[in-house]
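# Make a model of this:
(one chain, ligands or ions: 1)
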Amino acid sequence: MENLTNISVVKDILSRHGFTFSKALGQNFIINPSVCPRIAEEGNAKSGFGVIEIGTGIGVLTAELARRADKVVAIEIDDRLLPILEETLAEFNNVKIVNADVMEVDLHKLIAEEFGGMEVAVCANLPYYITSPIIMMLLESRLPISSITVMVQKEAGVRLTAKMGTRDVGAVTAAVRYFSEPKLLFNVSRGSFMPAPNVDSCVIRLDVLNESRDDVKDEKFFFKVVRGAFSQRRKTLANSLSSSMGIEKSVVYDAIKSAGLAETVRPEQLSMEDFISVANTLYDMV
Ligand code: SAM
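Numbers count the residues shown, from 1 in each chain. Okay, the predicted model is just below:
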């Protein structure tokens with residue numbers, strides 16, 4: 001296979017196929033040769049593993065995954081890339097391309113049908129317009145996967161991997177930490193892509209927690225509380241929860257106090273256990 005991080009090779013492939021980048025689909029392809037091998041190495045692409053890739057582009061990461069893992073199933077929404085992938089991935093017989101929107105694919109079925117007996121990891125350079133919805137869909141659907149290793153915008157990476165109780169925390173942080181152990185792996189500069197985006201990126205890995213959470217009384221209600229808590233960033237937890245969930249302030253204060261927290265506490269100061277305690281108490285009260 002030709003070198004898919006060589007700019008003139010990439011330009012030649014794209015122009016022979018008359019391909020033009022779609023900004024709406026978040027098409028910024030990796031041209032830094034050190035990035036894809038590192039995502040594959042740190043993302044569990046290895047013997048005994050099957051990998052789901054989301055968004056192939058011209059296959060630069062797909063090839064590195066296919067070199068290391070037993071099988072790769074790559075989901076790509078843009079059918080204009082299919083003839084290109086036929087050419088760039090011709091040497092691999094362990095790659096299957098699924099032409100679909102990842103949000104519409106039944107991933108439980110796909111894993112059962114394609115990866116019998118293998119451990120499964122997800123690796124991707126995610127389209128930025130839909131980063132959080134994809135990550136939350138992967139986690140919330142409780143797929144039998146070990147890890148999710150993804151390139152995201154730097155700011156998103158900071159939020160997704162923030163420690164609870166720090167100022168970088170948002171609703172998505174708490175949600176991610178509910179299902180996984182997140183880790184920031186490395187930063188990637190904007191010049192590593194073609195075309196170059198206006199922002200820098202980073203690669204994060206979420207190691208999916210297998211044990212179920214039996215300390216939460218009602219999962220749906222818990223996430224409602226988390227979203228409500230962060231819905232008005234500068235407000236106290238009591239004010240945010242009271243106005244976003246329509247619960248009387250005195251009831252919210254009682255729940256906050258019974259978690260051992262001050263009435264003036266802000267949502268970013270809470271640990272996961274604090275959120276669980278407040279949500280469980282509120283669940284019994286409303
Ligand atoms: N993996 C390639 C790379 O690193 O060079 C391409 C990454 S590019 C940031 C994102 C890719 O995701 C594009 O190829 C785009 O067409 C694809 N994509 C965008 N939205 C998608 C969706 N909803 N489902 C599947 N693929 C999608």
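# For the residue in the chain that the ligand sits nearest to, report the pLDDT, please.
The chain approaches the ligand most closely through Gly55 (2.1 Å), counting by Cβ to the nearest ligand atom. Quick note: C-beta positions are derived from backbone N, CA and C, even for glycine. What the model reports as pLDDT for Gly55 is 98.
# Do I have it right that it meets Asn125?
Yes: the criterion here is Cβ atoms under 8 Å, and Gly55 meets it with Asn125 at 6.6 Å.
# if we can go back for a sec, what number of residues are in the vicinity of the residue of the chain closest to the ligand?
By other Cβ atoms under 10 Å, the residues close to Gly55 number 25.
# quick one, what contacts it?
26, 75-77, 102, 124-127 (Cβ atoms under 8 Å, 6 or more residues apart in numbering).
# buried sites along stretch 146-155?
Buried positions in stretch 146-155, judged by neighbour count with 16 or more other Cβ atoms under 10 Å: 147-154.
# Now that stretch: average pLDDT?
If you average the pLDDT over stretch 146-155, you get 98.
# Now tell me what touches that stretch from outside.
Stretch 146-155 is contacted by residues 30, 35, 39, 42-44, 49, 119-126, 128, 131, 135, 138-139, 160, 180, 185, 187-188, 199-208 when judged by Cβ under 8 Å, 6+ apart.
# mind redoing it with 7 Å?
39, 42-44, 119-126, 128, 131, 135, 138, 160, 187-188, 199-208 (Cβ atoms under 7 Å, 6 or more residues apart in numbering).
# what kind of secondary structure is the residue nearest to Phe186 when sequence neighbours are not counted in?
Distances taken as Cβ to Cβ, 6 or more residues apart in numbering put Val203 closest to Phe186, at 5.5 Å, once the chain neighbours are dropped. Secondary structure assignment for Val203 (DSSP: H, G, I helix; E, B strand; the rest coil): strand.
# Quick one: neighbours of the residue nearest to Glu263 when sequence neighbours are not counted, just the number.
Sequence neighbours aside, Tyr253 is the residue nearest to Glu263 in space, at 5.6 Å (criterion: Cβ to Cβ, 6+ apart). Other residues lying near Tyr253 total 16 when counted by other Cβ under 10 Å.
# Doesn't Tyr253 belong to a helix?
Yes: using three-state DSSP, the secondary structure at Tyr253 is a helix.
# you'd agree it is up against Leu237?
No: counting by Cβ atoms under 7 Å, Tyr253 stays clear of Leu237, with 9.9 Å between them.
# so what sits against both of the two?
Joint contacts of Tyr253 and Leu237 (Cβ under 7 Å, 6+ apart) do not exist.
# Just the buried residues of the helix or strand containing Asp12, please?
In this assignment (DSSP states H and E), Asp12 forms part of helix 7-16. Buried residues in helix 7-16, counted by 16+ other Cβ under 10 Å: 9-10, 13-14.
# Ok, stretch 115-127 next?
Residues of stretch 115-127 classed as buried: 115, 118-127 (neighbour count, 16+ other Cβ under 10 Å).
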